[in-house]
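J.: requesting a structural model of the entry that follows:
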Amino acid sequence: MNGAPETAATTRAADWTWGLIRRIHLGTREPANWVQLFRFSVVGGSGYVVNLVVFALLSGGLGVHHIAAAVGAFCVAVSNNFLLNRHWTFDAGDGHAGFQAARFLAVSVGGLAINLILLELLVSSGLAELPAQAVAVALSMPVNFIGNKLWTFD
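T.: Residues are numbered from 1 along each chain as shown. Presented below is the predicted three-dimensional model:
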């Protein structure tokens, strides 16, 4: 029976992964989900602008290091995005705001981790800080949408 626990764990992980993929696939067939994606993108666009303005103020205006500036910009933008997504995108006003905020923050921190990795790679490759942040934020958006759709506001 050597390897049985690893096999069971692998099977559970594979089942969970395929279940998630199936859920995402089935979700793409629902028109309401496309409306939510559009709204999420609009909210994300406003958060994107907030993020870049705060990042520019911190990194350019105050001389804060680009990683610290990205974290500060994230904190301001995530507050904006949570409120707008909760009430407009997912119409989740009937849920417990504290619970949703905790989940939204957890998903957003995952997106921030991807953002910071991409930001550092782009800055290290010679791209200026503000354009690098713009690209990094845009590329991390799908992680945020899927996580919030499937977990935070489900």
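J.: which secondary structure elements does the helix of greatest length in the chain sit against?
T.: Looking across the chain with DSSP state H, the single longest helix is helix 97-124. With contacts taken as 3 or more C-beta pairs under 8 Å, 6 or more residues apart in numbering; DSSP states H and E, helix 97-124 sits against helix 66-84, helix 129-147. For every residue, glycine as well, the C-beta is placed using N, CA and C.
J.: pLDDT (mean, whole number) over the last one?
T.: The predicted model assigns helix 129-147 a mean pLDDT of 86.
J.: for that helix, name the packing helices and strands.
T.: By 3+ C-beta pairs under 8 Å, 6+ apart, helix 129-147 packs against helix 31-56, helix 66-84, helix 97-124.
J.: phi, psi for the residue nearest to Phe153 when sequence neighbours are not counted please.
T.: Spatial nearest neighbour of Phe153, chain neighbours left out: Phe90 (3.7 Å); criterion: C-beta to C-beta, 6 or more residues apart in numbering. With angles defined as degrees, to the nearest 10, Phe90 sits at phi -100, psi 0.
J.: please verify my assumption that Phe90 contacts Phe145.
T.: No. The pair Phe90 / Phe145 is not scored as a contact, 10.7 Å apart, by C-beta atoms under 8 Å.
J.: neighbour count winner among these two?
T.: The neighbour count for Phe90 versus Phe145, taken as other C-beta atoms under 10 Å, is higher for Phe90 (21 against 18).
J.: which residues touch the more buried one?
T.: If you count contacts by C-beta atoms under 8 Å, 6 or more residues apart in numbering, Phe90 has them with Gln36, Asn148, Lys149, Thr152, Phe153.
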